[in-house]
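Trainee: Please find the sequence and the predicted model below.
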Amino acid sequence: LFGMVTVMTAGAGALACQLTGIPAWLFGALFGAAVAVAAMAGLKGMVHVFSALVPVLAVATVCFAVAAWTSFGTAGIWQGVDQNTNPLMPNWFIAALTYVAYNLLGSIGIITPIGGLVKRQGTVYAGIGLSCLMLCAIAGSVLTSLAAHTSAAGAELPMLALACDLSPALGKIYGVLLLLGMFGNSLASLVALTTYLEQKRPALAGHRKGLTAGLGAGAWVGSLAGFAGLIGVVFPVFGYISIALLVCMVIHFVQCKKKEKTENAAGG
């Protein structure tokens, strides 16, 4: 979770530098401070931010993909764009596996503390279904639009480069939306992280503001390594770790189910 906040802070700095020329380290500091302040509102504040941002981002990404198909054609949208030079991800399958594992484990970490706010079990399944639909729409839009305009695929922020190539004005609009997405991601990760730390270390429970500010500052320091460098190292390394942890979680789940079944049989 801390790695995600660090990567998003670096990404926000890179985005501002690419769009406006503002030094990445300066905007990253402002971004980190804003995330820390918002995170002090806790879980309910995070839920409100996500409820407003996620649908807008999903629709906007699909709209930009349609614009890319219209402007650059659809002849090559089903052909993969291979821009990989990272030895930690030697092929597309390993890249996909580590990326999915990293984000899946992170999602579990972010969603778990929200469980106490959900009043009906049906809401959980509805949320999972909607999120899967939106993720598929976003992933399909990104991959096909970059395949239609391959020159943008090698940029540090490919979809931003594509939007700027469509129109400078659209580039700025997408840049703002992307920044909001990074903000929401950072906020969710930081809120979840502080919640876990408070649960594990009761002495920290009364110092949420100081803890949040310290974590935000630490993420900004880490972001100085640069967005591209962090993406190339943090995602694959933690992706491999996440695969191992997910396997352990599945094994633990099976063990718990067996134990529960045994206890029910004994009680019956």
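Mentor: All right, it came through fine.
Trainee: all helices of the stretch 151-268 of the chain, in order?
Mentor: 158-166, 168-200, 208-223, 227-267 (DSSP state H, counting those that start in this stretch).
Trainee: again with the stretch 1-150 of the chain
Mentor: Ranges of helices in the stretch 1-150 of the chain, per DSSP H, counting those that start in this stretch, are 2-20, 24-39, 42-72, 92-111, 121-148.
Trainee: chain center to the longest one, what's the gap?
Mentor: If I follow you right, that is helix 42-72. 13 Å (CA atoms, centre = their mean, to the nearest Å).
Trainee: Name the residues of it that come out as buried.
Mentor: By 16 or more other CB atoms under 10 Å, the buried positions in helix 42-72 come out as 43, 46, 49-50, 53-54, 57-58, 60-62, 64-65, 67-69, 72. The C-beta positions use only the backbone N, C-alpha and C, and glycine is treated the same way.
Trainee: picking that back up, now for the helices of the stretch 151-268 of the chain, which one comes closest to residue 97?
Mentor: In this view, those are compared for proximity to residue 97 by CB to CB, and helix 227-267 is the closest at 6.9 Å.
Trainee: Low-confidence stretches in the stretch 151-268 of the chain?
Mentor: 268 (pLDDT under 70).
Trainee: okay, now residue 196: neighbour count?
Mentor: Taking other CB atoms under 10 Å as the criterion, the count of residues near residue 196 is 14.
Trainee: quick one, what contacts it?
Mentor: With contacts defined as CB atoms under 8 Å, 6 or more residues apart in numbering, the neighbours of residue 196 are 1, 109, 113.
Trainee: which one among those gets closest to residue 179?
Mentor: residue 1 (19.9 Å).
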